[in-house]
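> I would like to see how this sequence folds:
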Amino acid sequence: MGKLNAKQARFVEEYLVDLNATQAAIRAGYSEKTARQQASEQLSKPDIQQALSEAQQARSARTQITQDRVIQEIARLGLSDIRGAFSLGGSLLPPSEWSDDLTAAVASIEVDQRKEPGEDGERYTVTKLKLWDKNAALEKLCKHLGLYERDNEQKQIVVNIRDDLDD
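Numbers count the residues shown, from 1 in each chain. Presented below is the predicted three-dimensional model:
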């Protein structure tokens with residue numbers, strides 16, 4: 001970021017916080033009235049773009065969070081299978097026996113132990129498993145893979161064919 005002045009360098013740092021350019025401009029010291037315009041102007045500068053790219057790459061290297069890793073985690077959620085939590089007889093396996101993929105897909109576990117009235121005060125356990133939103137994960141994967149774009153292209157072809165038939 002050697003080519004940037006102090007305010008621009010601060011803008012780059014602040015932009016990486018939440019990827020909100022207007023808020024980054026305000027936090028970097030630009031006027032609230034002109035922050036949106038300043039943000040747009042800053043993002044259009046090649047030096048700012050290069051600094052942002054370098055900072056994002058450095059953060060990825062530092063945190064070991066890459067695009068591939070994020071997509072893999074989304075895939076774990078979207079392609080999860082709850083059957084792996086149960087034995088062949090249908091009883092719940094201890095979490096230590098679950099696959100890493102299933103463990104990642106579980107949002108919460110609720111265990112409720114109760115004692116039934118009776119001669120021996122028999123205990124039973126109710127366990128609830130809640131998984132992360134599978135549909136949301138699959139939707140993110142579809143967007144990443146461009147499946148919606150292909151669907152839109154197919155719709156466009158149908159519209160064009162209809163237009164040709166109408167002529």
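> domain ranges for the protein?
Domain assignment for the chain by automatic domain parsing gives 6-65, 66-167.
> now the end-to-end length of the shortest one.
Length of domain 6-65, first residue to last, CA to CA, to the nearest Å: 28 Å.
> ranking the domains of the chain by burial, who's on top?
Between these, domain 6-65 has the highest mean count of neighbours, a mean of 15, where neighbours are mean count of other CB atoms under 10 Å. Every C-beta, even on glycine, is put in place using the N, C-alpha and C of the backbone.
> So for it, mean pLDDT?
For domain 6-65, the per-residue pLDDT values average out at 93.
> how distant is that domain from the center of its chain?
Domain 6-65 has its C-alpha centroid displaced from the chain centroid by 21 Å (CA atoms, centre = their mean, to the nearest Å).
> Tell me where this protein has strands.
Taking DSSP state E to define them, one finds strands in the chain at 106-115, 123-131.
> What is the last one packed up against?
The elements that strand 123-131 packs onto, with contact taken as 3 or more CB pairs under 8 Å, 6 or more residues apart in numbering; DSSP states H and E, are strand 106-115.
> now the strand it packs on: how far from the chain's centre is it?
Relative to where its chain is centred, strand 106-115 has its mean C-alpha point 27 Å off (CA atoms, centre = their mean).
> elements contacting it?
For strand 106-115, the packing partners by 3+ CB pairs under 8 Å, 6+ apart are strand 123-131.
> CA atoms only for the strand it packs on - export them in CSV, please.
As requested, C-alpha coordinates have been extracted for strand 123-131 and formatted as CSV (Å, rounded to 0.1, in the frame of the first residue of the first chain):
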residue,chain,number,x,y,z
ARG,A,123,-35.3,-42.9,32.8
TYR,A,124,-35.5,-42.1,29.1
THR,A,125,-33.7,-39.5,27.0
VAL,A,126,-35.1,-37.3,24.3
THR,A,127,-32.5,-36.0,21.9
LYS,A,128,-33.1,-33.5,19.2
LEU,A,129,-30.7,-32.8,16.4
LYS,A,130,-31.0,-29.6,14.4
LEU,A,131,-29.0,-29.3,11.2
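> so that strand versus strand 106-115, what angle?
Interaxial angle, strand 123-131 versus strand 106-115 (axes from the mean of the first three to the mean of the last three CA atoms, to 10 degrees): 170 degrees.
> Can you tell me the strand partners of strand 123-131 and which way each runs?
According to DSSP bridges, strand 123-131 has the following sheet partners: strand 106-115 (antiparallel).
> wait, doesn't S60 sit right on D68?
No. Using CB atoms under 8 Å, S60 is not in contact with D68; the gap is 10.2 Å.
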